[in-house]
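*Asks:* Got a sequence here, can you model it:
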Amino acid sequence: MNFIKGDAIRNDLQLKKSFFKLADDTFGLKFEEWDELGYWNHTYCPYAFEVDGEIASNVSTSTGMMVLDGKQYEAVQIGTVMTNPKFQGKGLSRRLMEKVMEDHANANILYLFANKSVLGFYPKFGFEMRTQSTFTLDKKDLVSNETEINKINMDDNIERKLFYDTTMNRVPISRKMSMVQNESIVMFHALTQYRDCIYYVPKVRVFVILKESAQHVEVIDVISKEPFDLLEVLGSLPIQTSKIKLCFTPDDLKIPIVQEMFIDEGAMFVKNQIDIDYPNNLLYPYSGLA
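*Replies:* Predicted coordinates for the structure are as follows:
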């Protein structure tokens, strides 16, 4: 059994295919197109054990810059923690976590999202649970200014490249909490679960990722190279439902916002590496989840 990481997997066709298969079998994640289009870069690094060209176990890291209270910190997200059933029970995930922690000892913040079956695993490495919040506003409190909005076709090279360039050079969506320089992961989500949910608003020169249901609309992300007025952007959208759920932590808005505890079957864990205390009651942006 050999330890490998990063380009040793990305540049080896057999290992990469094995990694993709394990991710699909474990989480239903499909990395192939993201890789083929060139969006897998150095910021996404798998740590793995391999046996005869097969990935036995993996823990990946995704690096970016986290904005907290207007300051930027180097942040490392841990994800895609998975072990082939043939190799479970051998402590492989623990050994990979130890290697990740050693490599990123100088990062400002380490964090991850765990499902309920492994909530007791990550505190062993110094991670602490954080509660998250939801943020909901009412359409009636917005100044409606509906304008042209164009759906983005992610199969169109020009449109996709414009979206990628904007994401790569984006301004933070919030000073309270947001992520920048994590365009690789944003592109993964843009090519998978948000592929049909990306729009461009020419008037305010922003991309918006949104999903609308009968109950509410989810504003997943607002991506722009220049500072923007979030209320103006929201007022420009042809939203039909009354409730608007923000899938990120907004700055203080001059309209009522209902903040409630975010409840799901997992939890966010944070390990503060320097004199930073990641607060409770924020919401990590959906578009940045590794």
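*Asks:* From here on, just use CA atoms for contacts and neighbour counts.
*Replies:* Fine.
*Asks:* max-length strand in this protein?
*Replies:* strand 54-68 (DSSP state E).
*Asks:* Can you report how many residues lie near Asn150?
*Replies:* Neighbourhood size, Asn150 [other CA atoms under 10 Å]: 12.
*Asks:* that older thread, next secondary structure element downstream of the longest strand of the chain?
*Replies:* Per DSSP states H and E, strand 54-68 leads on to strand 71-83 as the next helix or strand towards the C-terminus.
*Asks:* With only the CA atoms kept, save the strand or helix carrying Arg160 in CSV.
*Replies:* Under the criterion of DSSP H and E, Arg160 resides in helix 157-168. Extracted C-alpha coordinates of helix 157-168, given in CSV (Å, rounded to 0.1, in the frame of the first residue of the first chain):
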residue,chain,number,x,y,z
ASN,A,157,-17.1,27.9,-24.3
ILE,A,158,-17.4,31.7,-24.3
GLU,A,159,-20.1,31.9,-21.7
ARG,A,160,-18.4,29.3,-19.4
LYS,A,161,-15.0,31.1,-19.7
LEU,A,162,-16.6,34.4,-18.8
PHE,A,163,-18.2,32.9,-15.8
TYR,A,164,-14.9,31.3,-14.8
ASP,A,165,-12.9,34.5,-15.3
THR,A,166,-15.4,36.4,-13.2
THR,A,167,-15.3,33.8,-10.4
MET,A,168,-11.5,33.8,-10.5
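*Asks:* coming back round to it: packing partners for the longest strand of the chain?
*Replies:* Here strand 54-68 touches helix 13-27, strand 44-51, strand 71-83, helix 92-103, strand 177-180, going by 3 or more CA pairs under 8 Å, 6 or more residues apart in numbering; DSSP states H and E.
*Asks:* possible to save these as a markdown table with distance to Val206 and mean pLDDT?
*Replies:* Putting the helices and strands packed on strand 54-68 into a markdown table (distance: least, CA to CA, whole Å; pLDDT from 0 to 100) gives the following:
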| stretch | distance to Val206 | mean pLDDT |
| --- | --- | --- |
| helix 13-27 | 31 | 96 |
| strand 44-51 | 26 | 97 |
| strand 71-83 | 22 | 94 |
| helix 92-103 | 36 | 94 |
| strand 177-180 | 15 | 95 |
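*Asks:* would you turn the ones you listed into TSV with mean neighbour count and distance to Phe121?
*Replies:* Formatted as TSV, these follow (neighbours: other CA atoms under 10 Å; distance: least, CA to CA, whole Å):
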stretch	mean neighbour count	distance to Phe121
helix 13-27	18	18
strand 44-51	22	18
strand 71-83	20	12
helix 92-103	16	9
strand 177-180	23	26
